[in-house]
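Participant: How does the following fold in three dimensions:
(one chain, ligands or ions: 1)
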Amino acid sequence: MTQEEVFKKIVAHCKEYGFVFPSSEIYDGLGAVYDYGQLGVELKNNIKTYWWQSMVLLHDNIVGLDSAIFMHPTIWKASGHVDAFNDPLIDNRDSKRRYRADVLIEEQMAKYDEKIEKEVVKARKRFGDSFDEAKYRATSANVLDYAARRNALHDRYKRAINENNLEELKQIIVDEEIVCPVSGTRNWTDVRQFNLMFSTDMGSTADSSMKIYLRPETAQGIFVNYLNVQKTGRMKIPFGIAQIGKAFRNEIVARQFIFRMREFEQMEMQFFIKPGTELDWFSKWKESRMKWHQALGFGAERYRFHDHDKLAHYANAATDIEFLMPFGFKEVEGIHSRTDFDLSQHEKFSGKSIKYFDPETNESYTPYVVETSIGLDRMFLSIMSASYDEEVLENGETRTVLHLPAQLAPVKLAILPLVRKDGLPELARSILDDLKFHFNCQYDEKDSIGKRYRRQDAIGTPFCVTVDHQSLEDKTVTLRDRDSMEQQRIKIGDLCNVLSDKVSITSLLKTL
Ligand code: GAP
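Facilitator: The predicted structure follows:
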C-alpha cells in the first residue's frame, strides 16, 4: 500500500467509526471544515486533558484562561495580523484554481528529494548486498545534480521569502516550469498577498457596526489579559498562561483532511519571562514539549525539530515539532520566542501601561514571551495516523486495529457477555454499572465474540472484558489486551484498580 492509500484509509476509517465527519455533509460539505463525531470528541477531549494537565497541573507557575473569540479589532492591528498575516497566492488562469506560491515551490523542492530517493532505491536493487548508500549519495552524478538543483532552489526561495519579494516568487515558478496540477498549464497570474483573517460585523445598525475578526490565534487573548491574571493570581515572573480554544484562518490551500482547516483548535501557552532569559527558556520548552509528544510511545523516529528559515514578524527564534504523517514530516506544534513584541504593541496601541513590576528588584519592565502552540486537530491526525494498522493474523485474516495510547483511547473498556442468556448479560451490566463512574465503557452483546472484538479493535479500545459461565461461579472474567490479543483471568473486584493504572492520564503525566 502506498502512503497515499494509507492516508485515504485513515480518512475513511475516521468517518466510518464516528471520529470525524465532513461538516454540513448533507449539503455537500464546506471546504476544510470538519465535525468530530461521538468517538472523535472523546479522543479530542483526552488530548486536551493530557495537554492541560501537563501545563496547569504539573506547573505551579502556569494557570489557565478562557478568553472570548471576539476581541477589539485594534488588537489585530497591534499584533500585526491586519497588515502582515498574509500568504502569497497565485492563480492559474486556465483552471481558475488558487494556490499558495510558497507551497508550489516547496512541493517542487520535495520533487527533487523524491527523485534522489528513487535513484537510491534503483541503485540498491541493482547492487544488492554490496550497496554502499553513503558512497552512492556522495558520488552518483544524477543524485548530485538533483541535490544541486534542489539546494539552489532552496537558497533562491529562502531569499525571496525573507525579502517578501513577490515578483521573484513568480519568477521561480516560471523558471522551474511548475504547472498547475489541474489544468497542466503554466498560465499563472502575478503573486499577490492574501490576508488570512475572517471578518464580520458587530452591532445592530449599519452606522454603529464595527468590523471585527475571528481570532486567527488564541495567543492574543492571553496577551491582553496577562496583567489581569498576573495581578489577581499574584503571579511572579517566570509564569505561564495556558488556553485551549478555536481559531480561524481563511486558508487558500485547504486540504489533507484535518491537517489544514479553516476552523480549528489551538492549545497555546504563553510563558512570561525576564528579557535576556528568552533563549534559555526557548530551549527548555523545546525539550519539554518534545518529551510530551514522545511520551505517547509512537517512537522518537517519528518526530523532528525544524528550525525556521523565515521568522514570523514577532519572533527572534522559532522551531516546529514535526511528525511523520502519511504525507511526510509536517508541523504539529510551534515553539516561538516572541520577544516583547506583542505586549509592547498592545501598550502602544491601547495607550495603557501593561508593564510588570518586579517586587524583588523594584523595577518595571515589559516581559518577554516564549510560546508553545500546538494544533489540536493536527495532534489528533498524528495520533490516528500512527495508530492505524491493518494486521495480518496467523490464520491469514486481516484485522484493522487502532493502537491508540490507552490513556487517550475514547473507550477504555468493552464489557461483553459471551452469550445473551443464562444470566451473563445481567452480570455484565452490573460490572458496567460499577465501572462507568471510572472509565468510558461500552456494553455489547450483539454478534459473535470474535466480531465484537474486531469492532473494539477498530475503535482502539485497549481492553475487553468477557463474561462467561465461569464468571457466574467464581466472579472472574477474561481481560483481553487489544495489542497482544492475550487474555488473562481476573477477579471482577480487581478490574478497577488494574485498569486505572493502565488507562488514566495520570499514568502518562507521571512519565514526563
Ligand atoms: N500563536 C502562534 C501560532 O498561531 P502557528 O504556527 O501559526 O502559530 C500554531 O500555529 C499551530 O496551530 C500549528 O503548529 C498547527 O498545529 C496549528 N494550525 C495552524 N494553522 C492551522 C490550520 N489551518 N489547520 C489546523 N491547524 C492549524
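Participant: Could you pick out the residues of this protein near the ligand for me?
Facilitator: Residues of the chain lying close to the ligand by Cβ under 6 Å from any ligand atom are 217, 219, 249, 251, 260-261, 264, 266, 268, 331-334, 371, 373-375, 377-378. Glycine gets a C-beta too; all of them are placed from N, C-alpha and C.
Participant: Now, these that are in strands?
Facilitator: Taking DSSP state E, the ones among these that sit in strands are Phe264, Gln266, Glu268, Glu331, Val332, Glu333, Gly334, Glu371, Ser373, Ile374, Gly375.
Participant: Please name the residues that touch the second one.
Facilitator: The contact partners of Gln266, taken as Cβ atoms under 8 Å, 6 or more residues apart in numbering, are Glu217, Thr218, Ile244, Gly245, Lys246, Ala247, Ser373, Ile374, Gly375, Leu376.
Participant: try 10 Å this time
Facilitator: Gln266 makes contacts with 215-219, 243-247, 333-334, 373-378, as judged by Cβ atoms under 10 Å, 6 or more residues apart in numbering.
Participant: are any of these buried, and which?
Facilitator: Among the contacts of Gln266, those classed as buried by 16 or more other Cβ atoms under 10 Å are 215-219, 243-245, 247, 333-334, 373-378.
Participant: Read off the pLDDT value for the residue of the stretch 251-400 of the chain at minimum distance from the ligand.
Facilitator: Here the residue of the stretch 251-400 of the chain nearest the ligand is Gly375; by Cβ to the nearest ligand atom that distance is 2.3 Å. In this prediction, Gly375 carries a pLDDT score of 98.
Participant: Over to the one 10 residues further on?
Facilitator: According to the model's per-residue confidence, Ser385 sits at a pLDDT of 97.
Participant: tally of neighbours for the residue of the stretch 401-512 of the chain at minimum distance from the ligand?
Facilitator: The ligand sits closest to Leu408 of the stretch 401-512 of the chain, with a gap of 17.1 Å, by Cβ to the nearest ligand atom. Residues lying near Leu408 (other Cβ atoms under 10 Å) number 24.
Participant: what's the closest non-adjacent residue to it?
Facilitator: Asn46 (4.4 Å; Cβ to Cβ, 6 or more residues apart in numbering).
Participant: which stretches of the stretch 251-400 of the chain form helices?
Facilitator: Secondary structure of the stretch 251-400 of the chain by DSSP state H, counting those that start in this stretch: the helices cover 278-294, 341-350, 376-387.
Participant: Pick the most deeply packed of these.
Facilitator: When you average the neighbours per residue for each of those (mean count of other Cβ atoms under 10 Å), helix 376-387 leads with a mean of 23.
Participant: rewinding a little: now the residue nearest to Leu408: how far from Gln53?
Facilitator: Asn46 sits 11 Å away from Gln53 when distances are taken as Cβ to Cβ, to the nearest Å.
Participant: Please apply the same query to Met71.
Facilitator: Noted for Met71: a distance of 27 Å to Gln53, by Cβ to Cβ.
Participant: again, but for Thr506
Facilitator: Here the criterion is Cβ to Cβ. By it, Thr506 lies 8 Å from Gln53.
Participant: One more: Leu509?
Facilitator: Distance, Leu509 to Gln53, using Cβ to Cβ: 6 Å.
Participant: which helix of the chain spans the most residues?
Facilitator: Longest helix in the chain, counting residues (DSSP state H): helix 101-127.
Participant: and that helix, which residues are buried?
Facilitator: Under the neighbour-count criterion of 16+ other Cβ under 10 Å, helix 101-127 has 101-105, 108-109, 112, 115-116, 119-120, 123 buried.
Participant: Now the element after that helix, going C-ward?
Facilitator: Per DSSP states H and E, helix 101-127 leads on to helix 133-139 as the next helix or strand towards the C-terminus.
Participant: Show me what that next one is packed up against.
Facilitator: The contact analysis (3 or more Cβ pairs under 10 Å, 6 or more residues apart in numbering; DSSP states H and E) places helix 133-139 against helix 101-127, helix 141-162.
Participant: What is the end-to-end distance of stretch 486-503?
Facilitator: Terminal residues of stretch 486-503 lie 17 Å apart, using Cα to Cα, to the nearest Å.
Participant: who's in contact with that stretch?
Facilitator: Residues outside stretch 486-503 that contact it (Cβ under 10 Å, 6+ apart) are 46, 405-409, 412-413, 415, 427, 430-431, 434-435, 437-441, 462-468, 470-471, 474-481, 506-507.
Participant: Using the record's assignment, carve the protein into domains.
Facilitator: The chain breaks down by automatic domain parsing into domains covering 3-72+216-385, 86-193, 399-509.
Participant: In three-state terms, label the residue in the stretch 1-150 of the chain that the ligand sits nearest to for me.
Facilitator: Taking Cβ to the nearest ligand atom as the measure, the stretch 1-150 of the chain has Ala32 as its residue closest to the ligand, at 7.5 Å. Secondary structure, DSSP: H, G, I helix; E, B strand; the rest coil: Ala32 is coil.
Participant: tell me, how many neighbours does it end up with?
Facilitator: 22.
Participant: Identify the residues contacting the residue nearest to it when sequence neighbours are not counted.
Facilitator: Spatial nearest neighbour of Ala32, excluding adjacent residues (Cβ to Cβ, 6+ apart): Ala254 at 3.1 Å. By Cβ under 10 Å, 6+ apart, Ala254 lies in contact with Gly31, Ala32, Val33, Arg260, Met261, Arg262.
Participant: Done for today, thanks.
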